[in-house]
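A.B. asks: sequence first, predicted model second:
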Amino acid sequence: MYFLAPGGTYFFKMHDKDGNPILEGIIYVKYRKKLNMSGTYEITKFYNDSYPGIKSMMGIFTATESDDDNTVTLNTNPKIADDNIIFEFNLMKNKIEGKWYRTTMKGKIDEGILSGHFLELKS
């Protein structure tokens, strides 16, 4: 499986651009129709709970997957446009590799490393 599957759970970890851990959590994919997905996530561990932008992460997401290269763009708070965290990653052999970035009305202002892996598929 090389895509985010409905019923799938995935571990993720955010690092700053220097590789220092910020937080980790679990993504729960609830719905998928073609290249669009949605679901919930929970933050299970904070390494730096004062890192700018993470307070906007509210536990629900929407995501799209590119038909060309399987790049997933996941919005960690689709209800807001300002001061938001976006994940952008590839799922390769059940391993998440990519980046996250913080967006504001002025555009991208911060980014870091995103890693993770597939945990399980629940029916």
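C.D. replies: That came through fine.

A.B. asks: from now on I want contacts and neighbour counts done on CA atoms only, so please keep to that.
C.D. replies: Fine.

A.B. asks: so Phe12 sits against Trp100, correct?
C.D. replies: No. Using Cα atoms under 8 Å, Phe12 makes no contact with Trp100, being 10.9 Å away.

A.B. asks: any common contacting residues for the two?
C.D. replies: Leu114 (Cα atoms under 8 Å, 6 or more residues apart in numbering).

A.B. asks: for stretch 28-41, buried residues please.
C.D. replies: If you call a residue buried by 16 or more other Cα atoms under 10 Å, then stretch 28-41 has these buried ones: Tyr28, Val29, Lys30, Tyr31, Arg32, Asn36, Met37, Ser38, Gly39, Thr40, Tyr41.

A.B. asks: determine which two of those are furthest apart.
C.D. replies: Greatest spacing in the buried residues of stretch 28-41, by Cα to Cα: Asn36 and Tyr41 (16.3 Å).

A.B. asks: okay, the buried residues of stretch 28-41 in CSV with secondary structure, pLDDT and distance to Lys122 next?
C.D. replies: Below are the buried residues of stretch 28-41 laid out as CSV (DSSP: H, G, I helix; E, B strand; the rest coil; pLDDT from 0 to 100; distance: Cα to Cα, whole Å):
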residue, secondary structure, pLDDT, distance to Lys122
Tyr28, strand, 97, 10
Val29, strand, 96, 10
Lys30, strand, 96, 10
Tyr31, strand, 94, 12
Arg32, strand, 93, 14
Asn36, strand, 95, 19
Met37, strand, 95, 16
Ser38, strand, 97, 16
Gly39, strand, 97, 14
Thr40, strand, 97, 14
Tyr41, strand, 98, 15
